[in-house]
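1. sequence isn't available, so here's the structure alone:
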């Protein structure tokens with residue numbers, strides 16, 4: 001890295017993009033009901049829309065945490081899986097402001113020290129007051145688990161904002177109805193996830 005690092009105002013977390021679209025019928029409770037897979041496919045361009053927004057805000061990063069383990073990722077790239085193609089589009093938009101992390105285990109398991117080293121190597125820096133926003137697959141589970149863990153491990157002073165427009169709430173035919181239904185669950189979630197807010 002040459003010169004002083006560029007200070008980041010906001011970090012965006014994208015949790016497990018492509019998880020739903022990578023499901024196979026045999027993975028589902030009802031193999032004949034592929035609506036979750038279809039929702040996952042519908043979500044992929046929404047992530048690129050989000051990246052387009054971030055592209056114009058130069059003091060923001062996007063960090064993607066994949067559901068795929070490193071050995072699975074090689075096959076996903078080789079097979080040109082839809083979520084891989086979408087991430088490649090996002091990389092063209094954001095360049096070094098996109099960081100992609102493969103999954104190395106079950107549940108939230110982010111190596112924060114390693115993540116900070118990557119951010120520093122890219123020429124960026126942030127402090128504990130940085131704003132953070134999160135989305136991905138799926139809301140009410142992995143999105144909250146990983147976001148809470150990241151917020152705590154990074155020692156952030158502000159709560160991470162869960163953007164329901166950036167999650168599988170958005171994948172249905174009626175986002176407003178899906179969002180309204182989800183927000184009925186938020187009071188219960190707030191008792192579990194104390195470092196998050198939803199919007």
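-> Arrived safely, thanks for sending. Bear in mind the structure is a predicted one, so any value in this text is a computation, not a measurement.
2. helix, strand or coil for residue 23?
-> Following DSSP: H, G, I helix; E, B strand; the rest coil, the label given to residue 23 is coil.
3. hmm, residue 38 and it touching each other?
-> No. Taking C-beta atoms under 8 Å as the definition, residue 23 is not a contact partner of residue 38, at 10.2 Å. (C-beta placed from N, C-alpha, C; glycine too.)
4. tell me where the chain has helices.
-> 35-55, 70-78, 82-94, 112-121, 142-153, 175-183, 186-192 (DSSP state H).
5. tell me the most buried of those?
-> For these, the largest average neighbour count (mean count of other C-beta atoms under 10 Å) is found in helix 142-153, namely a mean of 20.
6. just the local confidence number for residue 99, please.
-> For residue 99, the pLDDT comes out at 98.
7. what's around it, how many residues?
-> Residues lying near residue 99 (other C-beta atoms under 10 Å) number 18.
8. bridging residues for it?
-> residue 63 (DSSP bridges).
9. list the contacts for it?
-> For residue 99, the contacting residues are 61-64, 115, 118-119, 122, by C-beta atoms under 8 Å, 6 or more residues apart in numbering.
10. and if you look at residue 124?
-> Residue 124 makes contacts with 5-8, 61, 97, as judged by C-beta under 8 Å, 6+ apart.
11. for residue 182, same thing?
-> 139-140, 164, 169, 198.
12. in stretch 16-36, what's buried?
-> Under the neighbour-count criterion of 16 or more other C-beta atoms under 10 Å, stretch 16-36 has 16-22, 36 buried.
13. need the contact list for residue 76.
-> 18, 22, 68, 83-84.
14. where in the chain is pLDDT low?
-> 1-2, 105-106 (pLDDT under 70).
15. from residue 138, how far out is residue 186?
-> Counting by C-beta to C-beta, to the nearest Å, the separation of residue 186 from residue 138 is 15 Å.
16. related to what we said a few turns ago, wait, which of the helices of the chain is closest to residue 103?
-> Closest to residue 103 of these, according to C-beta to C-beta: helix 70-78, at 8.0 Å.
17. quick one, that closest one and helix 82-94 angle?
-> 80 degrees (axes from the mean of the first three to the mean of the last three C-alpha atoms, to 10 degrees).
18. where's residue 71 relative to residue 109, distance?
-> On the measure of C-beta to C-beta, residue 71 and residue 109 end up 16 Å apart.
19. equivalent analysis for residue 48, please.
-> Taking C-beta to C-beta, one finds residue 48 at 27 Å from residue 109.
20. follow-up on the earlier one: closest to residue 128 among the contacts of residue 182?
-> Within the contacts of residue 182, distances to residue 128 taken as C-beta to C-beta reach their minimum at residue 198, with 21.8 Å.
21. I'd guessed the closest one sits against residue 189; true?
-> Yes. At 7.5 Å, residue 198 and residue 189 qualify as touching, with contact defined as C-beta under 8 Å.
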